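K.L.:
structure for this input, please:
(chains A and B)
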Amino acid sequence: AQSVTQLDSHVSVSEGTPVLLRCNYSSSYSPSLFWYVQHPNKGLQLLLKYTSAATLVKGINGFEAEFKKSETSFHLTKPSAHMSDAAEYFCVVSRGAAGNKLTFGGGTRVLVKP
Amino acid sequence: DVKVTQSSRYLVKRTGEKVFLECVQDMDHENMFWYRQDPGLGLRLIYFSYDVKMKEKGDIPEGYSVSREKKERFSLILESASTNQTSMYLCASRGFGAGSGNTIYFGEGSWLTVV
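P.N.:
Numbering: from 1, shown residues only, chains lettered A, B, ... in the order given. The predicted model follows:
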């Protein structure tokens, strides 16, 4: 069994300040972990993924995430928020390469204030 | 870039109508998925296809069927639309080659309203 918990349903930051989106997971297997972003009325766009290589993963638009097995966490960060980062973010776990089912976190909605 | 195309972005259908949602991917991916997304409920898997003519029920298959006659196309069918099927439907695909690396790619979504 696997599960994903995004610890914050809403995050509000000021433009130019750091962003932290928290994600904890549980999995009986070696997981693959992903962060996706969804802008209003759009599909989900991949930000970055962890698939058992380097634990610090760099993604698009200045985002990065660190896989911490001991803490079962995969938190997403960005040093400086931009207005265009306002969106909903989903942490997703997949059971390795063979898993056909993804488990989605509940999502974190990010508001960026000018 | 991988492209997953959902041909209908916005549809309005009447209760009892048969509805087809089409999805096409251009990366020769083996796996394709249909999800629905509802406020407060997140994304829920309706059906999954791991290859042509192969399908597997997801978490909420009731009221839906799927068709995968060609590798690039995965159709979601609502045999008799009901108002509780008003939702945003997301198609996705995944390949396992060196370039894809187990990544799932999503379409832009189809907003369906059943009246």
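K.L.:
make it CA atoms for all contacts and neighbour counts henceforth
P.N.:
OK.
K.L.:
whatever residue of chain B ends up closest to chain A - how many residues pack around it?
P.N.:
When distances are taken as C-alpha to the nearest C-alpha, chain B reaches nearest to chain A at B:Glu108, 3.9 Å away. Using other C-alpha atoms under 10 Å in any protein chain shown, B:Glu108 has 23 neighbouring residues.
K.L.:
just the pLDDT at it, thanks.
P.N.:
On pLDDT, B:Glu108 comes in at 92.
K.L.:
which residues of chain A score low on pLDDT?
P.N.:
Filtered on pLDDT under 70, chain A yields the residue ranges A:96-100.
K.L.:
who in it is up against chain B?
P.N.:
Applying C-alpha under 8 Å from any C-alpha of the partner chain, we find that chain A lies next to chain B at A:41-46, A:49, A:51, A:96-97, A:100-101, A:104-107.
K.L.:
now, which of the residues you listed sits nearest chain B?
P.N.:
For the residues of chain A next to chain B, the nearest to chain B is A:Gly43 (3.9 Å; C-alpha to the nearest C-alpha).
K.L.:
low-confidence bits of chain B, can you list those?
P.N.:
Ranges of chain B meeting pLDDT under 70: B:1-2, B:97-102.
K.L.:
what ranges does it have for its strands?
P.N.:
B:4-6, B:10-13, B:19-21, B:23-25, B:31-38, B:42-51, B:54-57, B:65-70, B:73-78, B:87-94, B:104-106, B:110-114 (DSSP state E).
K.L.:
next one: the third one, is it in contact with chain A?
P.N.:
No. Using C-alpha under 8 Å from any C-alpha, we find that strand B:19-21 stays clear of chain A, coming within 15.1 Å at best.
K.L.:
correct me, but A:Leu21 touches A:His75?
P.N.:
Yes. If you go by C-alpha atoms under 8 Å, A:Leu21 and A:His75 touch, sitting 5.7 Å apart.
K.L.:
report the secondary structure state of A:Asn61.
P.N.:
Three-state call for A:Asn61 (DSSP: H, G, I helix; E, B strand; the rest coil): helix.
K.L.:
residues touching it, list them.
P.N.:
A:Leu47 (C-alpha atoms under 8 Å, 6 or more residues apart in numbering or on different chains).
K.L.:
give me the number of residues near the closest residue to B:Ser65 other than its chain neighbours?
P.N.:
Once flanking residues are discounted, B:Ser65 sits nearest to B:Ile77: 5.1 Å by C-alpha to C-alpha, 6 or more residues apart in numbering or on different chains. Using other C-alpha under 10 Å, the number of residues around B:Ile77 comes to 17.
K.L.:
next up, the contacts around the most centrally placed residue in chain A.
P.N.:
Nearest to the geometric centre of chain A sits A:Trp35, at 3.4 Å (C-alpha atoms, centre = their mean). By C-alpha under 8 Å, 6+ apart, A:Trp35 lies in contact with A:46-49, A:76, A:89-92.
K.L.:
the residue of chain B closest to chain A contacts B:Met88, correct?
P.N.:
No. Contact criterion C-alpha under 8 Å: B:Glu108 and B:Met88 do not qualify, at 9.9 Å.
K.L.:
quick one on the thing from earlier: just put the contacts of A:Trp35 in JSON lines and tack on neighbour count.
P.N.:
Listed next are the contacts of A:Trp35 as JSON lines, based on neighbours: other C-alpha atoms under 10 Å in any protein chain shown:
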{"residue": "A:Leu46", "neighbour count": "19"}
{"residue": "A:Leu47", "neighbour count": "20"}
{"residue": "A:Leu48", "neighbour count": "19"}
{"residue": "A:Lys49", "neighbour count": "26"}
{"residue": "A:Leu76", "neighbour count": "24"}
{"residue": "A:Tyr89", "neighbour count": "27"}
{"residue": "A:Phe90", "neighbour count": "27"}
{"residue": "A:Cys91", "neighbour count": "27"}
{"residue": "A:Val92", "neighbour count": "25"}
